[in-house]
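K.L.:
Here's my sequence, what's the structure:
(one chain, ligands or ions: 1)
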Amino acid sequence: MAGGKMRKEKPSRAGGSNHQYQGGISFHKSKGQHILKNPVLVDAIVQKSGIKSLDIILEIGPSTGNLTKKLLEAGKSVIAVELDPRMVLEVINKPFFYIPYPSLLNLQCHFYYPFLLTLIFDQVSSIYLLSLFTF
Ligand SMILES: C[S@@+](CC[C@H](N)C(=O)[O-])C[C@H]1O[C@@H](n2cnc3c(N)ncnc32)[C@H](O)[C@@H]1O
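P.N.:
Okay, here's the model as predicted:
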């Protein structure tokens, strides 16, 4: 192109425009996947949420568990519901996490009335919110 600017293509390291590659895992934007990496931000979220030590927390979409760890420190327990099996493995392989159920993916949360903290898009969390409040 004479005299014009060349448009640079961004290299895709994970095989598609819908992927980011961070810390060994490819993230799917279509599933709202991005992680909280700033510990100051994570602390601020937990602090502002007003969680008490006896609260049971429902976390929808823990991803790699950065927030989950802090939620466990602040509350009594965390019920984490995650769509992506790769992320489930990330969380359950962390030493802070104890699983009292055979499968997080099949977990029914109807019997809990937890403090709700949802940090993902409305279209994702609304499925769970509806199932909780129509029970
Ligand atoms: C923005 S990330 C969560 C970030 C995480 N809280 C952190 O501390 O880094 C959103 C997560 O929600 C999950 N997700 C998306 N749709 C979901 C659904 N329908 N049910 C459960 N989890 C879902 C994604 O796989 C992703 O791991």
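
K.L.:
which non-adjacent residue is nearest residue 68?
P.N.:
Counting by Cβ to Cβ, 6 or more residues apart in numbering, the nearest residue to residue 68 once its immediate chain neighbours are dropped is residue 62, at 4.4 Å. (Glycine included, C-beta is placed from N, CA and C.)

K.L.:
Around the ligand, pick out the residues from this structure.
P.N.:
Counting by Cβ under 6 Å from any ligand atom, the chain comes close to the ligand at 31-36, 60-64, 66-67, 81-84, 87, 119-120, 124, 127.

K.L.:
Around residue 82, how many other residues sit close by?
P.N.:
A total of 24 residues lie near residue 82 under the criterion other Cβ atoms under 10 Å.

K.L.:
ok, it to residue 36 distance?
P.N.:
Per Cβ to Cβ, to the nearest Å, residue 82 is found 15 Å from residue 36.

K.L.:
Among the residues of the chain next to the ligand, name the ones in strands.
P.N.:
Residues of the residues of the chain next to the ligand located in strands (DSSP state E): 60, 81.

K.L.:
Name the spans of the chain whose pLDDT lies under the cut-off.
P.N.:
Across the chain, the ranges flagged by pLDDT under 70 are 1-23, 98-135.

K.L.:
What segments of it are helices?
P.N.:
39-49, 66-74, 85-92, 122-133 (DSSP state H).

K.L.:
Pick the most buried one from the ones you listed.
P.N.:
helix 66-74 (a mean of 20; mean count of other Cβ atoms under 10 Å).

K.L.:
Hey, what's the angle from that one to helix 39-49? Just curious.
P.N.:
50 degrees (axes from the mean of the first three to the mean of the last three Cα atoms, to 10 degrees).
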